[in-house]
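Novice: next input, structure requested:
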Amino acid sequence: MAQYIQFAPSILAADFTRLGDQVRAAETAGADLIHIDVMDGRFVPNITMGPLVVEAVRRVTSLPLDVHLMIIEPDHLLEAFATAGANRISVHWETCPNLHRTLQHIRDLGCRAGVAINPHTPAAFLSEILHLLDAVLVMTVNPGFGGQEFLPETLPKIAQLASMIQGRDIRIVVDGGINASTAAGVVGAGAQTLVVGSAVFNHRQSVLEGMESLRHAVGIKKPG
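Specialist: The predicted structure follows:
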């Protein structure tokens, strides 16, 4: 299973005084995607970044940009994020009253489509839209802030989703509290893409050292 695991460093934890350098370091260290957390101060109690940041990151990396919209009424901004360079856009089940339409719009814009669910949202709520999904993003903390501790009660939901999507080309993404101690558990439950923030972007070690620690935790050898 480990050979299919992707790592998506989240720039929410990066040093924004040298964001370009940190994104390049993540790419050099073997990241598969760059994860961009967008928060509006309404759906979650924090405000982060918008299309201009996505556009800036697009200029410094060739990696796919994985944009996670933690915002109310995301439909109004889908085109702006797609134009800025997003490759995959994930919206929250909790914010989309017309989710089929929203997902189809993302696809029509040329992006891959994902749905994120909060820790309290049942996996079964996605059963009617699996055919429109390229990814399911399971929040393994309550959204809004980086650096939170992983919620182990989300592991059964990851396993349930893995059973639900068996045979479909849908990636299970996990986001929140993922580090060298928790990575193996989520992979064992069925996660395929690991969003990693402070485990990679921190002052204790280099980005490369952080990525190598995560790869070692899930049994992946250094690339190349």
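
Novice: ramachandran angles for residue 164?
Specialist: phi -60, psi -40 (degrees, to the nearest 10).

Novice: ditto for residue 177
Specialist: Torsion angles, degrees, to the nearest 10, at residue 177: phi 70, psi 20.

Novice: ok, it touching residue 145?
Specialist: No: Residue 177 is beyond contact range of residue 145, at 11.1 Å (criterion: C-beta atoms under 8 Å). Placement of C-beta: from N, CA and C, glycine included.

Novice: neighbour-wise, which of these two wins?
Specialist: Ranked by neighbour count (other C-beta atoms under 10 Å), residue 177 and residue 145 place residue 177 first, with 23 against 15.

Novice: tell me the spacing between that one and residue 50.
Specialist: Distance, residue 177 to residue 50, by C-beta to C-beta, to the nearest Å: 25 Å.

Novice: please apply the same query to residue 137.
Specialist: 19 Å.

Novice: and residue 90, by the same measure?
Specialist: For residue 90, the distance to residue 50 - C-beta to C-beta - is 16 Å.

Novice: which of those two has more residues huddled nearby?
Specialist: Just comparing residue 90 and residue 50: by other C-beta under 10 Å the higher neighbour count belongs to residue 90, 29 against 17.

Novice: three-state assignment of the residue nearest to the spatial centre of the chain?
Specialist: Central residue of the chain (C-alpha atoms, centre = their mean): residue 195, 4.9 Å from the mean position. Put simply, residue 195 is strand when judged by DSSP: H, G, I helix; E, B strand; the rest coil.

Novice: good, we can wrap up now.
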